[in-house]
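*Asks:* need a 3D model of the following:
(chains A and B)
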Amino acid sequence: DVKVTQSSRYLVKRTGEKVFLECVQDMDHENMFWYRQDPGLGLRLIYFSYDVKMKEKGDIPEGYSVSREKKERFSLILESASTNQTSMYLCASSGSEIYGYTFGSGTRLTVV
Amino acid sequence: KNEVEQSPQNLTAQEGEFITINCSYSVGISALHWLQQHPGGGIVSLFMLSSGKKKHGRLIATINIQEKHSSLHITASHPRDSAVYICAVVGNTPLVFGKGTRLSVIA
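*Replies:* From the prediction side, this is the model:
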């Protein structure tokens, strides 16, 4: 029973391409998050959203944007992909800050 | 300085050993999560706790709010426990993560 779905497990894109990473949750959660995970750095927050059409910058928003047109979908956009954006990207959702988070399976993006 | 520190970074154990992973944090929190990440990337929530102790099978999590410290224990470890274990805290901001502890259990 998959609850947070990320559209791709592996993705290879060229430098300069516009890249869309999609995340869909079926738990009616208000809160959705995008993280990237790099060796030695752990998970770092890129953007998050507490409601439809709302977005907040996380710790490392540079080079990224997001879109939340519907409650269940939170998209991460790389406007012009660069090699330093090669990483594992994880989406998560939560009904409340103090309750459990549910993570997607991750998208391993390689920019060449 | 990282707000959430985990130790050790890497841990190798023999099957059957008792394992402890530690997490210390420097901010005020309302809850702490222990997460497990297997090779391939998916993250699973093991525990969410705000006080005391929780147990699930061979896993035990404890937290001491006054000392700002939590531990994750694995009893009778097994090779299938091999994974990265991540501590994350909930404060005034979205979840803040530790860098994880990579556990390898050898048969």
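
*Asks:* quick check: B:Ile43 touching A:Cys91?
*Replies:* No - using Cβ atoms under 8 Å, B:Ile43 is not in contact with A:Cys91, being 10.4 Å away. (Glycine included, C-beta is placed from N, CA and C.)

*Asks:* who touches both of the two?
*Replies:* Common contact partners of B:Ile43 and A:Cys91 (Cβ atoms under 8 Å, 6 or more residues apart in numbering or on different chains): A:Phe103.

*Asks:* show me where pLDDT drops low in chain A?
*Replies:* The model of chain A has pLDDT under 70 over residues A:1-2, A:96-99.

*Asks:* so which residue is dead centre in it?
*Replies:* For chain A, the residue nearest the mean C-alpha position is A:Trp34 (3.1 Å; Cα atoms, centre = their mean).

*Asks:* from memory that one sits against A:Leu78, does it?
*Replies:* No - using Cβ under 8 Å, A:Trp34 makes no contact with A:Leu78, being 11.0 Å away.

*Asks:* identify the contacts common to those two.
*Replies:* A:21, A:64.

*Asks:* who does the residue nearest to the centre of chain A form a beta bridge with?
*Replies:* A:Trp34 has the following beta-bridge partners by DSSP bridges: A:Tyr47, A:Cys91.

*Asks:* any idea how far it is from chain B?
*Replies:* 11 Å (Cβ to the nearest Cβ, to the nearest Å).

*Asks:* A:Leu11 now?
*Replies:* A:Leu11 sits 13 Å away from chain B, going by Cβ to the nearest Cβ.

*Asks:* so what pairs up with that residue in the strands?
*Replies:* Beta-bridge pairing of A:Leu11 under DSSP bridges involves A:Leu109.

*Asks:* ok, the closest residue to B:Ile43 other than its chain neighbours - how many residues close by?
*Replies:* Nearest in space to B:Ile43, with sequence neighbours left out and distances taken as Cβ to Cβ, 6 or more residues apart in numbering or on different chains, is A:Phe103 at 3.9 Å. A:Phe103 has 22 neighbouring residues, counting by other Cβ atoms under 10 Å in any protein chain shown.

*Asks:* now do A:Val52
*Replies:* Quick note: A:Val52 (other Cβ under 10 Å) scores 13 neighbours.

*Asks:* which residue is the nearest non-sequential neighbour of it?
*Replies:* Nearest to A:Val52 is A:Lys71, by Cβ to Cβ, 6+ apart, at 5.3 Å.

*Asks:* run through the residues that contact the one you found.
*Replies:* So A:Lys71 contacts A:28-30, A:51-52 (Cβ under 8 Å, 6+ apart).

*Asks:* before we move on, what about B:Lys53?
*Replies:* Applying Cβ under 8 Å, 6+ apart, the residues near B:Lys53 are B:60-63.

*Asks:* from B:Leu59, how far off is it?
*Replies:* 11 Å (Cβ to Cβ, to the nearest Å).

*Asks:* contacts only, for B:Phe97.
*Replies:* For B:Phe97, the contacting residues are A:35, A:42-44, B:4, B:86-88, by Cβ under 8 Å, 6+ apart.

*Asks:* any idea what it is bridged to?
*Replies:* Beta-bridge pairing for B:Phe97 (DSSP bridges): B:Ala88.
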